[in-house]
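**Student:** Output the structure for:
(one chain, ligands or ions: 2)
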Amino acid sequence: MKPVNLKKLNPDKCLVINIHDGYGHTQYDQYEINELAKTAGFQIEETIDVKVISPNPSFYIGKGKIEEIKQLKNLFDFEFLIINEDISPAQEKKLTDALNLTVIDRTNLILNIFSMRAKSYEGRLQVELAQLEYLSTRLVRGWTHLERQKGGIGVRGGPGEKQIELDRRMLRGRVKQLKERLKKLTKQRDMQRQRRRKSGVFNVAIVGYTNAGKSTLFNELTNQKIYAADQLFATLDTTSRKLFIPPNFSLVISDTVGFIKNLPTNLIESFKSTLEESTNADLLLHVVDSSNEEKKEHILQVNRILKEINADQVDQILILNQIDKNKTKPQKDRDEYGRINRVELSAKTGQGIEFLKEALVERTANFINQEKIYYDENAQQPI
Ligand SMILES: Nc1nc2c(ncn2[C@@H]2O[C@H](COP(=O)(O)OP(=O)(O)OP(=O)(O)O)[C@@H](O)[C@H]2O)c(=O)[nH]1
Ligand SMILES: [Mg+2]
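**Tutor:** Ligands and ions are numbered 1, 2, ... in the order given. Take a look at the predicted model:
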């Protein structure tokens, strides 16, 4: 029941099971789970659709499907089963035992991709914390389950209880240590932010669904070469750069970690300080892959997470990226206050970037004026 260390196991063959409701509806996008699996280094041998109206409490899927998977296993020889859902620890364990396969649910897959991607010290601490929190719920539940077998809560000396108790204690110790280290880093980050705020710099954060093209846009705007790739969660660490727009505008722009539908809460919690880069921004560039069929759902999911991290009040400009794929023209739209609030562009070819720069100049000028009013008003305050 440990988070699987995919680093050691990759690349490997897997079966993907796609849960649907009998009408072709799935909670999670089939294309996305395939991309997640590939990003984690898996080779997808076979995909099967499994209808689940109400999940089987023991195995999540029905017994008939378990037999079918056993037969597929004989044919295709895979070691991993990836399930396009989040299943309970007990279901994971039962499925693993029944099939003699390593079962990985969607949350576990995402946690592992994060762990493979984490580069910075802070990123590594954040991912480890999220993974341990995920593991701790599994251990706790496994433990209560053992207790129940021995005749009720509070009964001592059950088989394996000592080991689990020991594991739990070590786990709690490490979680505490990680939280303390992260707290120190958060303090440093807060101080940096305060300094930036005091200096009256306009802060812009690029946010959006994973693989929308945030890093490509960041590179195009700042002439940087940070990692951008056709992979989910290519970026985990926030990168900030000063951006100068002629004739005389400057701002700080940050590229941030991508979001995904139902981003595991453990990750949101442990990545809070990184995500707060968006909460504390003056403007968000919400990047969307306009060629993606799921773009409306992606916008909804990003806004949902922004709300969760209290960034839903920050002004947004919607960036419909990748218009080169749709072969549509660059465009800008304005809101009822006359501000550019929507730009259609291609971060890759640069088409439409001038509209975004125009929007940034407008917003920066506005910000500087507001700051002046703020300072003037303060100056008039009697001491
Ligand atoms: N055709 C086309 N491809 C693009 C465009 N913008 C980005 N891409 C491609 O889309 C893929 C993802 O781009 P990234 O910039 O890494 O996306 P991201 O939003 O930073 O992704 P994560 O960091 O993984 O969340 C890369 O292969 C880019 O080359 C675009 O305007 N047009
Ligand atoms: Mg990126």
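
**Student:** Output the lowest mean pLDDT helix or strand found in this structure.
**Tutor:** None of the helices or strands of the chain scores lower by mean pLDDT, DSSP states H and E than helix 6-9, at a mean of 49.

**Student:** Pull up the pairing partners for the following helix or strand past that one, direction included.
**Tutor:** Where DSSP states H and E defines the elements, the next helix or strand beyond helix 6-9 is strand 12-20. Strand pairing for strand 12-20, using DSSP bridges, gives strand 42-51 (parallel), strand 80-83 (parallel).

**Student:** what residues does the stretch 151-300 of the chain put near ligand 2?
**Tutor:** Contact residues (Cβ under 5 Å from the ion) of the stretch 151-300 of the chain with ligand 2: Lys214, Ser215, Ala234, Thr235. In short, each C-beta sits where N, CA and C put it, glycine included.

**Student:** and the strands paired with strand 12-20, which is most packed in?
**Tutor:** Ranked by mean neighbour count, these are led by strand 80-83 with a mean of 24 (mean count of other Cβ atoms under 10 Å).

**Student:** May I have whatever helix or strand comes next after it exported as CSV, CA atoms only?
**Tutor:** Per DSSP H and E, the first helix or strand lying C-terminal to strand 80-83 is helix 89-99. Output in CSV follows, covering the C-alpha atoms of helix 89-99 (Å, rounded to 0.1, in the frame of the first residue of the first chain):
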residue,chain,number,x,y,z
PRO,A,89,-7.3,1.9,0.2
ALA,A,90,-9.2,-1.2,1.0
GLN,A,91,-10.4,-1.6,-2.6
GLU,A,92,-6.8,-1.0,-3.8
LYS,A,93,-5.5,-3.8,-1.5
LYS,A,94,-8.3,-6.2,-2.5
LEU,A,95,-7.8,-5.6,-6.2
THR,A,96,-4.0,-6.0,-5.9
ASP,A,97,-4.4,-9.3,-4.0
ALA,A,98,-7.1,-10.7,-6.4
LEU,A,99,-5.1,-9.8,-9.6
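
**Student:** quick one: stretch 325-339 to chain centroid distance?
**Tutor:** 27 Å (Cα atoms, centre = their mean, to the nearest Å).

**Student:** Quick check: end-to-end length of it?
**Tutor:** Stretch 325-339 has an end-to-end distance of 27 Å (Cα to Cα, to the nearest Å).

**Student:** and that stretch with ligand 1, contact?
**Tutor:** Yes: counting by Cβ under 6 Å from any ligand atom, ligand 1 is contacted by stretch 325-339 at Lys325.

**Student:** Give me the contact list for that stretch.
**Tutor:** By Cβ atoms under 8 Å, 6 or more residues apart in numbering, the list of residues contacting stretch 325-339 from outside reads 290-291, 323, 340-346, 351-352, 355, 358-359, 362-363, 366.

**Student:** got the buried residues for it?
**Tutor:** For stretch 325-339, burial by neighbour count (16 or more other Cβ atoms under 10 Å) applies to Thr328, Pro330, Lys332.

**Student:** Contacts only, for the one residue sitting closest to the centre of the chain.
**Tutor:** When Cα atoms, centre = their mean is applied to the chain, the residue found nearest the centroid is Phe259 (3.8 Å). Residues near Phe259 by Cβ under 8 Å, 6+ apart: Val207, Gly208, Tyr209, Thr210, Gln301, Val302, Ile305.
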